[in-house]
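Novice: Sequence unavailable; structure follows:
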């Protein structure tokens, strides 16, 4: 093979690789956009409560801000977040808190009791046995928080720890 042919093959190969990578980036961007649009309003979901009762998006309280907290009981940041909410629980009386975990019901119950968040009217703990929350809500980390206003429209997504004061500030900015 002569040098000219080799140069042509190299250039064509480079163009093909660049085209393929461009296509991949565009496809990923489209997927991200579709997911972002799907969570603008609270999407349809179905998980089980700690009593194994089906809880869906239609089970949410109407006309209240909603905070989804995707957590793991062994995550230190999740523990700090739960502690912060527990210490400021009175400030959350008009906000629905939805804690979701893929862990066993026993671990979720222990976590909810440890932070005195169990049996509160506006707090629900859900068990995601099929690991669907991360797909439905595009949760890419733990903890992951989604805050919706009282019209169930997305205000904020947050990767990582967000304390009670931060959550309340975000909600109060929308009023």
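Specialist: That came through, no problem. Keep in mind it's a predicted model, so treat the numbers as computed, not measured.
Novice: Tell me which residues of stretch 115-134 come out buried.
Specialist: Going by neighbour count (16 or more other C-beta atoms under 10 Å), the buried part of stretch 115-134 is 115, 117, 122, 123, 124, 125, 126, 127, 128, 133, 134. To be clear about C-beta, it is placed using only N, CA and C from the backbone, and glycine gets the same treatment.
Novice: what's the closest non-adjacent residue to the fifth one?
Specialist: Right, residue 124. With C-beta to C-beta, 6 or more residues apart in numbering as the measure, residue 98 is the residue that lies nearest to residue 124, at 5.4 Å, once sequence neighbours are left out.
Novice: how would you label the spatially most central residue of the chain: helix, strand or coil?
Specialist: Centroid-nearest residue in the chain, with C-alpha atoms, centre = their mean: residue 139, separated by 3.9 Å. For residue 139, the secondary-structure state derived from DSSP: H, G, I helix; E, B strand; the rest coil is coil.
Novice: re the thing from before, for the buried residues of stretch 115-134, name the two members farthest from one another.
Specialist: 122 and 134 (24.1 Å; C-beta to C-beta).
Novice: Help me confirm that residue 69 is found in a helix?
Specialist: No. Counting by three-state DSSP, residue 69 falls outside a helix, being strand.
Novice: That's all I had, so thanks and see you.
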